[in-house]
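Undergrad: the sequence isn't on hand, but the structure is:
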């Protein structure tokens, strides 16, 4: 088996509509791994669901550690991924033109930033 057999072709991203940091890997009907680019709006919905799934943990953490800023690992992973996406988009020399999206990713980013700020103001 060569290294070429282990690589999955990744289609180029359209930065006006798609996530830059990673594709979505799936298995097709023949068992082969394929990669597809993930839309900004689609990923925003996934990340929102991940954050929502971590809320019960955060409620327990908040009661157990008053005065500390705490968040679920789910929220932490989403924030980290969003920061990686931001880093990819603001790197020197990168440009993509106007983003074509329903705005759900920017809404989620703002909500997460506001929430983190609120948690630190206690």
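TA: Alright, I've got the coordinates. Remember, it's a predicted structure, so these values are computed and weren't measured experimentally.

Undergrad: what residues does the lowest-mean-pLDDT helix or strand in the chain touch?
TA: Lowest on mean pLDDT, DSSP states H and E among the helices and strands of the chain sits helix 55-64, with a mean of 79. Residues outside helix 55-64 that contact it (C-beta atoms under 8 Å, 6 or more residues apart in numbering) are 70-75. Every C-beta, even on glycine, is put in place using the N, C-alpha and C of the backbone.

Undergrad: can you do 6 Å?
TA: Helix 55-64 has contacts (C-beta atoms under 6 Å, 6 or more residues apart in numbering) with 70-72.

Undergrad: after that helix, which helix or strand is next?
TA: helix 73-89 (DSSP states H and E).

Undergrad: quick one: low-confidence parts of the protein?
TA: 1-6, 62-67, 122 (pLDDT under 70).

Undergrad: could you rerun that using 50?
TA: Counting by pLDDT under 50, the ranges of the chain that qualify are 1-4.

Undergrad: if you count neighbours, what's buried in the least confident helix or strand of the chain?
TA: Using 16 or more other C-beta atoms under 10 Å as the test for burial, helix 55-64 gives residue 58.

Undergrad: can you state the direction angle for that helix and helix 73-89?
TA: 110 degrees (axes from the mean of the first three to the mean of the last three C-alpha atoms, to 10 degrees).
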